[in-house]
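Engineer: Structure here, sequence nowhere to be found:
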């Protein structure tokens, strides 16, 4: 989840609906300025006992964050606590139970992205060796119950933890026990945004299946390949899901603005603290009728904060955010931007991907979204066949798109090589989750704890 930062103009008061839409319009960039932003989370655990460390304990999360300052990262504080860091590779932040996230810098190529990932993980390992900490690449915590996990001292998390049980049964699991990899991508115009939004939203379940990596809950198989993805189906229906309106005629910035306005609020940030506004209406805030701040109207920063509290499978801010993948190993972190850049940053690939999904109904898209977390690549796909067959088609489109992009490294290799882990998964039909389950029922003898060694970065 986002760590709050103030941008230029964020203190300006929202005067009209046009100011809300302008946030999306300002995201438009010519192709030459399109960038790739990759975010990835990992669980932090004590090597001695596999316990999630608290914030304050010696060698815990605070000490870990302070350790990054030796690499040039600058602390970001809230209430006197360091809760994030800023640096040339983007930002490092904390998820609610201390999951560590790198929100990478906007970069030109996946070669640069993968180098950034490597630098970050090198720093994690160096600090982990000193502090007795490990970093786990899974989508859902394999052993911990909710009560076993610490809560980080961030104001927005306290508000969300109180609110989540009122709107869904799995929201606390989303906050405390999940990790994801996400990619943020640009658009050139409203029409370009619409096409990219539709293609990526329809194909998000393909990413869910290819990156499925969360088959365990509290030490046992949970019946899913991606339990992390399933968690989102019962977190908060008002701010999650497949957004059928994206495929309706006339969809654009205005329609997404309407959706975001209808998402209930969580908070407003004022004078260094978060004010609990859970369940309130941003529309009322626009009219000066927010009970917690009577007569006050929102700023552009308030609107950007609010946009960050919607959690659909694809989210728009001033870019499009791909949200369907589990956290996983380094090769998968590099593979996710390759997958989406290949599909969305090449016009021929985007057209081919749209031709693949344009005939799907809302019911078919939702059915695929529900089936992928449980069945992975064995799920039934629209039009017959399985998600495995569909994934092979989609990967072929993405690979061709990356080849045409011709973004080569110093050795002359294209970005298409980063898709290799996904090709191996799609051809075999075996997700990472399937392989962990095979080990659990075989070599591990029904004991999940070996995953801490085998899935460790």
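Structural biologist: Right, received. Where do you want to start? Since the structure is predicted, the reported quantities are computational estimates derived from the model, not experimental observations.
Engineer: pLDDT on stretch 96-111, on average?
Structural biologist: Across stretch 96-111, pLDDT averages out at 98.
Engineer: Could you tell me how far it lies from the centre of the chain?
Structural biologist: Chain-centre distance of stretch 96-111: 10 Å, with C-alpha atoms, centre = their mean, to the nearest Å.
Engineer: report the longest strand in the chain, please.
Structural biologist: Ordering each strand of the chain by length in residues (DSSP state E) puts strand 36-46 first.
Engineer: any idea how far residue 235 is from residue 363?
Structural biologist: 21 Å (C-beta to C-beta, to the nearest Å). C-beta: built from backbone N, CA, C; applies to glycine.
Engineer: centre of the chain versus the longest strand of the chain, how much separation?
Structural biologist: Worked out by C-alpha atoms, centre = their mean, strand 36-46 lies 10 Å from the chain centre.
Engineer: Same check on stretch 392-399?
Structural biologist: 22 Å.
Engineer: which residues are in contact with that stretch?
Structural biologist: With C-beta atoms under 8 Å, 6 or more residues apart in numbering as the test, stretch 392-399 has contacts from 203, 206, 338-343, 349, 352-353, 356, 416, 419, 422-423, 426-427.
Engineer: counting contacts, what elements does the longest strand of the chain pack onto?
Structural biologist: strand 100-103, helix 110-131, strand 133-136, strand 180-185, helix 330-344 (3 or more C-beta pairs under 8 Å, 6 or more residues apart in numbering; DSSP states H and E).
Engineer: Take these and write them to TSV, including mean neighbour count and distance to residue 161.
Structural biologist: Shown next, in TSV, are these (neighbours: other C-beta atoms under 10 Å; distance: least, C-beta to C-beta, whole Å):
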stretch	mean neighbour count	distance to residue 161
strand 100-103	23	18
helix 110-131	19	26
strand 133-136	22	22
strand 180-185	24	19
helix 330-344	26	28
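Engineer: Now do the contacts for the nearest residue to residue 316 once chain neighbours are set aside.
Structural biologist: For residue 316, ignoring the flanking residues on the chain, the nearest one in space by C-beta to C-beta, 6 or more residues apart in numbering is residue 256 at 5.5 Å. Applying C-beta under 8 Å, 6+ apart, we find residue 256 in contact with 24, 246, 316.
Engineer: again with residue 113
Structural biologist: By C-beta under 8 Å, 6+ apart, the contact set of residue 113 is 36, 38, 104, 107, 334, 337.
Engineer: correct me, but the last one touches residue 40?
Structural biologist: No - if you go by C-beta atoms under 8 Å, residue 337 and residue 40 don't touch, sitting 10.2 Å apart.
Engineer: So residue 370 is in contact with residue 233, correct?
Structural biologist: Yes - judged on C-beta under 8 Å, residue 370 makes contact with residue 233 at a distance of 6.8 Å.
Engineer: Check the contacts of residue 113 against residue 169 and report the nearest one.
Structural biologist: The nearest member of the contacts of residue 113 to residue 169, counting by C-beta to C-beta, is residue 38 at 30.7 Å.
Engineer: What count of nearby residues applies to the closest one?
Structural biologist: Using other C-beta atoms under 10 Å, residue 38 has 27 other residues around it.
Engineer: what pairs with it across the strands?
Structural biologist: Per DSSP bridges, the residues bridged to residue 38 are residue 183.
Engineer: if I pick it, what's in contact with it?
Structural biologist: Taking C-beta under 8 Å, 6+ apart as the test, what residue 38 contacts is 104, 107, 113, 116, 117, 181, 182, 183, 184, 333, 336, 337.
Engineer: rerun at 10 Å
Structural biologist: Contact partners of residue 38, counting by C-beta atoms under 10 Å, 6 or more residues apart in numbering, are 90, 102-107, 110, 112-114, 116-117, 181-184, 322, 333-334, 336-337, 340.
Engineer: One more: residue 198?
Structural biologist: By C-beta under 10 Å, 6+ apart, the contact set of residue 198 is 243, 246, 247, 251, 314, 350, 353, 354, 357, 358.
Engineer: Check the secondary structure at the nearest residue to the fourth one once chain neighbours are set aside for me.
Structural biologist: In this structure, residue 251 finds its nearest non-sequential neighbour in residue 194, 5.7 Å apart by C-beta to C-beta, 6+ apart. Three-state call for residue 194 (DSSP: H, G, I helix; E, B strand; the rest coil): helix.
Engineer: what do you get for the one 5 residues further on?
Structural biologist: Secondary structure, three-state DSSP: residue 199 is helix.
Engineer: host element of the nearest residue to it once chain neighbours are set aside?
Structural biologist: Leaving aside its chain neighbours, residue 199 sits nearest to residue 353 (4.7 Å; criterion: C-beta to C-beta, 6+ apart). Assigned by DSSP states H and E, residue 353 falls within helix 347-357.
Engineer: Contacts for that helix next, please.
Structural biologist: Contacts of helix 347-357 (C-beta under 10 Å, 6+ apart): 31, 192, 195-196, 198-203, 206, 247, 341-344, 346, 364-365, 368, 382-383, 390, 393-394, 396-405.
Engineer: try 6 Å this time
Structural biologist: 199, 202, 343, 344, 397, 401 (C-beta atoms under 6 Å, 6 or more residues apart in numbering).
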